[in-house]
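Peer 1: fold the following.
(chains A, B, C and D)
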There are 2 protein chains.
Amino acid sequence: MKNRLKVLRAERDWSQQDLATALEVSRQSVNAIETGRYDPSLPLAFRIADVFGLAIEEIFQRD
Amino acid sequence: MKNRLKVLRAERDWSQQDLATALEVSRQSVNAIETGRYDPSLPLAFRIADVFGLAIEEIFQRD
DNA sequence: GTGAATTGTCAAGATAACTTTCCATTTTGA
DNA sequence: TCAAAATGGAAAGTTATCTTGACAATTCAC
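Peer 2: Down below sits the predicted model:
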């Protein structure tokens, strides 16, 4: 899956740590997802969508 | 997470095996997801949404 | 230009998502 | 009614997701 996390973070001027804190996951998890090393679980994808106020499909797309 | 798989299958008169075949996963995976034993991965959630022609959020909700 | 913050990544370990095989129970239909 | 199909779930194994801790490289602010 591809994702728009880096851009969405940049728009809000959030560090990976800021996002990790908001999501209650480790910074390494945010980095791994953002750089495409692995996909988030579905519950985490929902939390990410919530944090950005977007639908999952607006953040994640198949590659 | 809760999900509407059982109803969506019933609307289409699909067995768990029918859905599993369409998704290219085992029938036990469909059963486990449907009965809430575990959540699908994000890629599988996307495939499920595709198969039903719905958004992920229309199929899965937090519980 | 130096120090702090940010980012990328690795390693090792835990837990969750999936597989195949198998069996018991329930539902369906002729 | 009785067989076939469908469902629910256990066990054991693999892979993916996530953790903490660490370290190097890059970017940022003064």
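Peer 1: spell out which residues of chain A are next to DNA strand C.
Peer 2: Counting by C-beta under 7 Å from any atom of the strand, chain A comes close to DNA strand C at A:9, A:15-17, A:27-28, A:31-32, A:34-35, A:37, A:41-43. To be clear about C-beta, it is placed using only N, CA and C from the backbone, and glycine gets the same treatment.
Peer 1: of those residues, which are in range of chain B?
Peer 2: A:Ser41, A:Leu42, A:Pro43 (C-beta under 8 Å from any C-beta of the partner chain).
Peer 1: before we move on, the earlier item: among the residues of chain A next to DNA strand C, who's most crowded?
Peer 2: Counting neighbours by other C-beta atoms under 10 Å in any protein chain shown, A:Leu42 comes out on top of the residues of chain A next to DNA strand C with 25 neighbours.
Peer 1: pretty sure that residue contacts B:Phe60?
Peer 2: Yes. Contact criterion C-beta atoms under 8 Å: A:Leu42 and B:Phe60 qualify, at 6.5 Å.
Peer 1: where do the contact lists of the two overlap?
Peer 2: Contact criterion C-beta atoms under 8 Å, 6 or more residues apart in numbering or on different chains; residues shared by A:Leu42 and B:Phe60: B:Met1, B:Asp39, B:Pro40, B:Ala45.
Peer 1: output the residues you listed as a markdown table; include the columns secondary structure, distance to B:Ala22 and neighbour count.
Peer 2: Formatted as a markdown table, those follow (DSSP: H, G, I helix; E, B strand; the rest coil; distance: C-beta to C-beta, whole Å; neighbours: other C-beta atoms under 10 Å in any protein chain shown):
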| residue | secondary structure | distance to B:Ala22 | neighbour count |
| --- | --- | --- | --- |
| B:Met1 | coil | 20 | 17 |
| B:Asp39 | coil | 19 | 19 |
| B:Pro40 | coil | 14 | 24 |
| B:Ala45 | helix | 14 | 24 |
